[in-house]
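Visitor: build the 3D model from these lines:
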Amino acid sequence: MNSELKELFEIKQEDKDKDKKISKPTDQNIKKHITTRLAVFILGTICFVIAIMEGKGVWEEIAFLIYMALFHAIWLLFIIIEALVLHCNKKLTLRNTNLIFILVLVLTYFISGIFLFGFA
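Guide: From the prediction side, this is the model:
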């Protein structure tokens, strides 16, 4: 009876080792990752634009514009920190997605700054 239990235990042990070798961390869903980041960014921007349009004076609109700029800056900082964490966790595809997202945001801010402030 003991030898039979040993055989069963060894078989189970081999199955666990095979599962560990076969299963690789493939939880890097790029579509879901970029969709959530873009959704937060776009919804935040839309909410601030609505608040700016509903502003009752120039100073209130400028205040909402400053709040929107702060929101974008904090969101960009969050994406940069997340890229560093993803790099440490060896999730390179998600890190690269974040780096591309950062590049697009910085280029968008740069082009917006040119149009707003006329740095030509």
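
Visitor: chain neighbours aside, what residue packs nearest to the most centrally placed residue in the chain?
Guide: Central residue of the chain (Cα atoms, centre = their mean): Arg37, 4.9 Å from the mean position. Leaving aside its chain neighbours, Arg37 sits nearest to Phe101 (6.1 Å; criterion: Cβ to Cβ, 6 or more residues apart in numbering). The C-beta positions use only the backbone N, C-alpha and C, and glycine is treated the same way.

Visitor: quick check: which element contains that neighbour?
Guide: Assigned by DSSP states H and E, Phe101 falls within helix 92-117.

Visitor: so which bits of that helix are buried?
Guide: 94-95, 97-98, 101, 105 (16 or more other Cβ atoms under 10 Å).

Visitor: so which elements touch that helix?
Guide: helix 30-53, helix 58-88 (3 or more Cβ pairs under 8 Å, 6 or more residues apart in numbering; DSSP states H and E).

Visitor: just the pLDDT for the residue lying closest to Ile30 once chain neighbours are set aside.
Guide: Using Cβ to Cβ, 6+ apart and skipping the chain neighbours, the partner closest in space to Ile30 is Thr97 (5.4 Å). pLDDT recorded at Thr97 is 92.
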